[in-house]
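I'd like to go over a predicted model; first the sequence, then the structure.
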Amino acid sequence: MEIIIQPTPEAATKVAASIISRLLREKPNAVLGLATGSTPLLLYRKLIALKLNWRKVVTFNLDEYV
């Protein structure tokens, strides 16, 4: 695992969105664990703006325990 430290939430969002968008291009059927709550909202807004293809993506949210 790589830890990438950024000086601001906006900078961290840019890096995270880049990583996720690259993953979805390389692996359209990716499985993602996504956080809930207000912390990731900036990232989720950025991902929406990128208009990525989420059709084959499976997500598990932090609050869902099965």
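Noted; the coordinates are in hand.

C-alpha from now on. contacts and neighbour counts both.
Noted.

following the chain onward from the lengthiest helix in the chain, which element is next?
Using DSSP state H to define each element, the chain has its longest helix at helix 9-26. Per DSSP states H and E, the first helix or strand lying C-terminal to helix 9-26 is strand 31-34.

parallel or antiparallel, which strands does that next one pair with?
strand 58-61 (parallel) (DSSP bridges).

who touches the partner strand?
By CA atoms under 8 Å, 6 or more residues apart in numbering, the residues outside strand 58-61 that reach it are Asn29, Ala30, Val31, Leu32, Gly33, Leu34, Ala35, Thr36.

from Pro7, how far off is the nearest residue to the fourth one once chain neighbours are set aside?
Read it as Leu32. Ranked by CA to CA, 6 or more residues apart in numbering and with sequence neighbours excluded, the top spatial neighbour of Leu32 is Thr59, at 4.7 Å. Thr59 is 28 Å from Pro7, where distance means CA to CA, to the nearest Å.

the two: who's more crowded?
Between Thr59 and Pro7, counted using other CA atoms under 10 Å, the more crowded position is Thr59 (12 against 7).

kindly state the pLDDT recorded for the more buried one?
What the model reports for Thr59 is a pLDDT of 93.

what about this structure, any weak spots by pLDDT?
64-66 (pLDDT under 70).

report the central residue of it.
Nearest residue to the geometric centre of the chain (CA atoms, centre = their mean): Ile20, 5.1 Å.

any idea how far it lies from Thr8?
18 Å.

now do Leu34
20 Å.

ok, those two, which is more surrounded?
With neighbours defined as other CA under 10 Å, Leu34 and Thr8 compare such that Leu34 has more, 12 against 8.

the nearest residue to that one once chain neighbours are set aside: neighbouring residues, count only.
Using CA to CA, 6+ apart and skipping residues adjacent in sequence, the residue nearest Leu34 is Asn61, 4.8 Å away. Residues contacting Asn61 under the criterion other CA under 10 Å number 11.

and Ile48, what does it touch?
Applying CA under 8 Å, 6+ apart, no residues contact Ile48.

in a helix, it, correct?
Yes - assessed by DSSP: H, G, I helix; E, B strand; the rest coil, Ile48 belongs to a helix.

okay then, goodbye and thanks.
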